[in-house]
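In: pasted the sequence and its predicted model underneath.
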Amino acid sequence: MKKLFITLFLPLFMLCCCQKVELKTVTDSSQIFKGEIAGMPVTMQLCYSGIADCSLYQYFVDGWYYYDKYQKKIPLTGIYDYGKLTLYHFGNQQKQNAKLLKDRITSPQQVEKTAEIAEKLTPKEYIIFEPGNLKGNSIEGNFYLNKKVQSAHLFTGNDMIYRFNNYLTLPNNKNINTFDFINKHGGNQLISYASGENGNRILLYFEHSSNFNACGRCGASEGEKGYRILYFTKDWNYKNYEEFLTESCLENIYNTVESKSKDRKTLQFRVSKTASFPAYIFTVDIKNATILKSK
């Protein structure tokens with residue numbers, strides 16, 4: 001009887017363990033890319049090394065690349081500018097000229113003059129990847145050496161170096177990153193998750209900046225706050241998500257009134273009218289991971 005109980009209990013126990021959902025926050029300040037220069041496979045590592053002024057859309061990077069065949073590291077320094085990567089190798093003057101380049105770029109206006117500033121430092125070679133040159137899962141660019149131009153490719157759909165990752169570990173050994181399908185700001189917290197007839201749900205609370213540019217619109221505000229529900233199929237394939245703001249500089253949502261049930265498992269938010277939206281109420285059911293919106 002004891003053996004029979006263990007035999008029946010073990011699959012149930014394993015099923016319960018497999019249904020666990022976890023969220024892990026990881027902030028990346030470096031990336032390793034695979035790619036090609038003139039058709040030759042290369043590996044590149046780039047590290048965030050400070051902002052030019054007050055924007056996380058524009059920052060300095062340092063690193064290296066090598067041809068996979070030889071694996072001799074060639075140092076690089078440069079700028080990430082709203083997806084555009086401009087990378088320089090200064091030969092024997094790499095350390096000195098990398099510092100001079102950063103010292104001379106201290107504003108968004110000077111970021112626009114990166115090529116002009118770098119040219120005066122006589123780079124031995126340089127690589128430019130343009131954000132608009134995306135073909136499939138590859139970013140196209142050019143490699144410049146001895147007045148010759150060769151094609152260059154990064155095998156990625158996103159060349160952002162500094163990243164706010166929120167990794168969700170799901171049942172069935174599945175993993176997703178909110179960076180890839182919600183936004184680049186991170187700031188999510190796992191509240192609860194539940195299953196229903198139409199699939200699975202995950203309830204998140206979030207707080208994040210309104211704008212990576214602290215000098216831009218809402219850059220110095222209290223940011224965006226609220227709740228998100230992520231919807232999945234029964235076997236945990238991601239479908240879509242809904243977002244409910246409690247505070248937002250971008251949408252001008254302030255002074256939201258919150259109330260809680262006695263057991264604190266239900267939260268109600270009264271959102272005031274804005275120039276774009278009428279007033280409304282939404283109710284968060286923490287236990288069932290649902291949100292109901294009403295007038």
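Out: Now that the structure is in, tell me what you want to look at.
In: remind me which residues of the stretch 51-200 of the chain are low pLDDT?
Out: The model of the stretch 51-200 of the chain has pLDDT under 70 over residues 133.
In: what ranges do the strands span in it?
Out: Using DSSP state E, counting those that start in this stretch, the strands of the stretch 51-200 of the chain run over residues 58-67, 74-81, 84-89, 125-135, 138-145, 148-154, 163-170, 174-177, 188-196, 199-208.
In: with mean neighbour count and distance to residue 286 added, can I get those strands in a markdown table?
Out: C-beta: built from backbone N, CA, C; applies to glycine. A markdown table is the format used below for the strands of the stretch 51-200 of the chain (neighbours: other Cβ atoms under 10 Å; distance: least, Cβ to Cβ, whole Å):
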| stretch | mean neighbour count | distance to residue 286 |
| --- | --- | --- |
| strand 58-67 | 20 | 38 |
| strand 74-81 | 22 | 39 |
| strand 84-89 | 23 | 43 |
| strand 125-135 | 17 | 40 |
| strand 138-145 | 18 | 41 |
| strand 148-154 | 17 | 42 |
| strand 163-170 | 18 | 18 |
| strand 174-177 | 14 | 22 |
| strand 188-196 | 17 | 5 |
| strand 199-208 | 20 | 7 |
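In: please identify which of these is closest to residue 31.
Out: strand 163-170 (7.6 Å; Cβ to Cβ).
In: tilt between the closest one and strand 188-196?
Out: 30 degrees (axes from the mean of the first three to the mean of the last three Cα atoms, to 10 degrees).
In: sheet-wise, list the partners of strand 163-170 with their directions.
Out: strand 22-28 (antiparallel), strand 174-177 (antiparallel) (DSSP bridges).
In: same list (these) but as JSON lines, adding distance to residue 101.
Out: As requested, the strands paired with strand 163-170 are exported to JSON lines (distance: least, Cβ to Cβ, whole Å):
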{"stretch": "strand 22-28", "distance to residue 101": "23"}
{"stretch": "strand 174-177", "distance to residue 101": "32"}
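In: this protein: helices as residue ranges?
Out: Ranges of helices within the chain are 2-18, 94-104, 108-111, 114-119, 178-181, based on DSSP state H.
In: other SSEs contacting the second one?
Out: Looking back up the chat, that one is helix 94-104. On a contact count with 3 or more Cβ pairs under 8 Å, 6 or more residues apart in numbering; DSSP states H and E, helix 94-104 meets strand 74-81, strand 84-89, helix 114-119.
In: let's see that with 10 Å instead.
Out: Helix 94-104 is packed against strand 40-51, strand 58-67, strand 74-81, strand 84-89, helix 114-119, with contacts defined by 3 or more Cβ pairs under 10 Å, 6 or more residues apart in numbering; DSSP states H and E.
In: output the ones you listed as TSV; include the columns distance to residue 150.
Out: As requested, the helices and strands packed on helix 94-104 are exported to TSV (distance: least, Cβ to Cβ, whole Å):
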stretch	distance to residue 150
strand 40-51	9
strand 58-67	12
strand 74-81	14
strand 84-89	14
helix 114-119	18
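In: circling back to that earlier point, out of the strands of the stretch 51-200 of the chain, which comes closest to residue 95?
Out: Nearest to residue 95, of these and by Cβ to Cβ, is strand 74-81 at 8.2 Å.
In: what strands line up against that closest one, and which way round?
Out: Counting by DSSP bridges, the strands paired with strand 74-81 are strand 58-67 (antiparallel), strand 84-89 (antiparallel).
In: what's the closest of these to residue 182?
Out: Judging these by Cβ to Cβ, what sits closest to residue 182 is strand 58-67, at 22.0 Å.
In: how far off centre is the closest one?
Out: Here strand 58-67 is found 19 Å from its chain centre; the criterion is Cα atoms, centre = their mean, to the nearest Å.
In: just the angle between that strand and strand 138-145, please?
Out: 80 degrees.
In: now the angle between helix 94-104 and strand 58-67, please.
Out: Using the same axes, to 10 degrees: strand 58-67 against helix 94-104 is 160 degrees.
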